[in-house]
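Novice: Sequence and predicted structure are below.
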Amino acid sequence: MKIFSTTAAATLALSALWPVQAFAAELPYLDDRSDAAAVVRSLYNAVSRKEYARAWDYFGEAKPAKDFETFAKGYEATERVDVETGAVSSEGAAGSIFYNIPVAIRAVDKDGTEKVFAGCYTARQVSGSIQEPPFTPIQLDKGALKPAEGELAGALPKQCGDAPPTEIDAVLDQAKKLFASDYQGSCDTRSERDDAALSYTISYHNKTDAADAKPSEARLFRFYCTMGAYNETHVYYFWSELAGVRQQHFATPELDIRYENDDSEGKVESVSTIGYRSEGELVNSFYDVNTRTIASHAKWRGVGDASSDGIWIFRDGAFSLVKYDVDASYDGEINPETVLDYNTGP
């Protein structure tokens, strides 16, 4: 069975929710043929960027339409296709490996209505040891998508072929999508690091809860953003039953630092708080499950003699700034000054 007939391709056609050229320019280019699921994601990236020749090239001998012109015409009104892939299974046969990929996609129609489709793709990888030039990477072989309901995570088939069923953490999945959408282009949203996405469950009581009340539950997610020479940045998302998933912002003092003779390399004359800002990213941060605090340590230069440190504590369902230290002197010594402290007893 071919993946799309001409009619099905037309059904997935999307029109512009914003100018076509602007969207195509903003959507990052993705051409990843390193695994079968990446090929599917690359296919829809090509469709969304209006690069139909590239989309056509992801298919092997079994093409999704009778010719390229028909294939491209089926997507002529398409603006964007969002895609989710699941657990991939594989089996070998006669010099090839065949992959079964669970897939769910979302299409947005011209009038703004959304359509969801789900099903399975099959991809084929011919053993590299038996190939001759030109080399053929993993290619899509066949598949079928049918109309589905709900969010992509819910519509995604649990398995295709012999892959074991997978349990989907819907809240974490939503947080990942928001992070990818909010920070696309400014953070490494596709990082393969083991700590790229960390999840914590917080069980707690509010001060106003009755003594016998059941504890409330919240979720905290930390996402790796970027790394420099000596600092690493993180973005946090927070989930509660009432508010759902939202980005966690952090109150941070705005400081007026005065140096002797206005020389930042000289002696610090004063450090004053002149207001507060709301920050979406923290530097060199971590969450302590025992104290329910998020701490950050931002180095102002590599040797670490100048820096700022913050502590935000979780209470009554939210994080509050309780301590902030600043070492504003570039003197080769670590000698921070506390500018705010609601965390230390008298």
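Specialist: Good, I have the coordinates.

Novice: Show me what secondary structure element comes after the one helix or strand V116 maps to.
Specialist: Following DSSP states H and E, one finds V116 within strand 114-126. Using DSSP H and E, the helix or strand that follows strand 114-126 towards the C-terminus is strand 139-148.

Novice: Show me what counts as buried in that next one.
Specialist: The neighbour-count criterion (16 or more other CB atoms under 10 Å) identifies 139-145, 148 as the buried residues of strand 139-148. To be clear about C-beta, it is placed using only N, CA and C from the backbone, and glycine gets the same treatment.

Novice: the inter-axis angle of it versus strand 114-126?
Specialist: 160 degrees (axes from the mean of the first three to the mean of the last three CA atoms, to 10 degrees).

Novice: what about the following helix or strand past strand 139-148, average pLDDT?
Specialist: The helix or strand immediately downstream of strand 139-148 is helix 152-155, counting by DSSP H and E. Averaging pLDDT along helix 152-155 yields 87.

Novice: packing partners for helix 152-155?
Specialist: strand 81-85, strand 96-108, strand 114-126, helix 170-182 (3 or more CB pairs under 8 Å, 6 or more residues apart in numbering; DSSP states H and E).

Novice: go with 7 Å
Specialist: On a contact count with 3 or more CB pairs under 7 Å, 6 or more residues apart in numbering; DSSP states H and E, helix 152-155 meets strand 81-85, strand 96-108, strand 114-126.

Novice: neighbouring strands for the shortest one, and are they parallel or not?
Specialist: In this case it means strand 81-85. strand 96-108 (antiparallel) (DSSP bridges).

Novice: Give me the buried positions along the partner strand.
Specialist: 98-108.

Novice: which element is A53 on?
Specialist: Going by DSSP H and E, A53 is in helix 52-57.

Novice: which of the residues in stretch 251-270 are buried?
Specialist: Buried residues in stretch 251-270 (16+ other CB under 10 Å): 252-253, 255, 259, 268.

Novice: typo on my end, stretch 309-323
Specialist: Applying 16+ other CB under 10 Å to stretch 309-323 flags 309-314, 317, 319, 321-323 as buried.

Novice: G150 - how many residues pack around it?
Specialist: 11 (other CB atoms under 10 Å).

Novice: Ok, the one 5 residues further on next?
Specialist: A count of neighbours around A155, defined by other CB under 10 Å, yields 21.
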